[in-house]
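Visitor: With the input below, show me the fold.
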Amino acid sequence: MVSISESQISLQALGSRLRVARIARNESMAVFAARIGASVPTLRAMERGASTVQVGTWANALWALDRLEDLATVLAARESLLDLARARQAPARRRPYARGRPRP
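Guide: Numbering: from 1, shown residues only. Sure, this is the predicted structure:
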């Protein structure tokens, strides 16, 4: 398996934040793992930042932490600076008039 160091660092940081959130809720690994439908070894792998954990398990963990809406920002469409500049320069579209109506 190819390992990209930047993605591994991001997964480790995500796992650390998961651990902090779990501990802040005062939940043991066994209790939290049961809540998200995973085993303790899977939760341990998540907290370590293992890249082998299924995304569905991560979604369950976000749900359990009441943070599922954060998943909506992943790969959300973004407008580039060029798109924003073009939108500002584009003239406003005028609606066509119905036949028989006088134009102003």
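
Visitor: what's N60 in contact with, if anything?
Guide: 36-38 (CB atoms under 8 Å, 6 or more residues apart in numbering). Bear in mind the C-beta positions are built from the backbone N, C-alpha and C, glycine included.

Visitor: and with 10 Å instead?
Guide: Residues counted as contacts of N60 (CB atoms under 10 Å, 6 or more residues apart in numbering) are 35-38, 54, 68.

Visitor: Looking at those, spot the one nearest L11.
Guide: Q54 (13.2 Å; CB to CB).

Visitor: Pull the number of nearby residues for the closest one.
Guide: Counted with other CB atoms under 10 Å, residues neighbouring Q54 total 11.

Visitor: who are the neighbours in contact with it?
Guide: For Q54, the contacting residues are 38, 42, 46, 60, by CB under 10 Å, 6+ apart.

Visitor: Same list (these) but as JSON lines, adding pLDDT, secondary structure and distance to R94.
Guide: Listed next are these as JSON lines, based on pLDDT from 0 to 100; DSSP: H, G, I helix; E, B strand; the rest coil; distance: CB to CB, whole Å:
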{"residue": "A38", "pLDDT": "97", "secondary structure": "coil", "distance to R94": "56"}
{"residue": "T42", "pLDDT": "97", "secondary structure": "helix", "distance to R94": "58"}
{"residue": "M46", "pLDDT": "97", "secondary structure": "helix", "distance to R94": "54"}
{"residue": "N60", "pLDDT": "97", "secondary structure": "helix", "distance to R94": "50"}
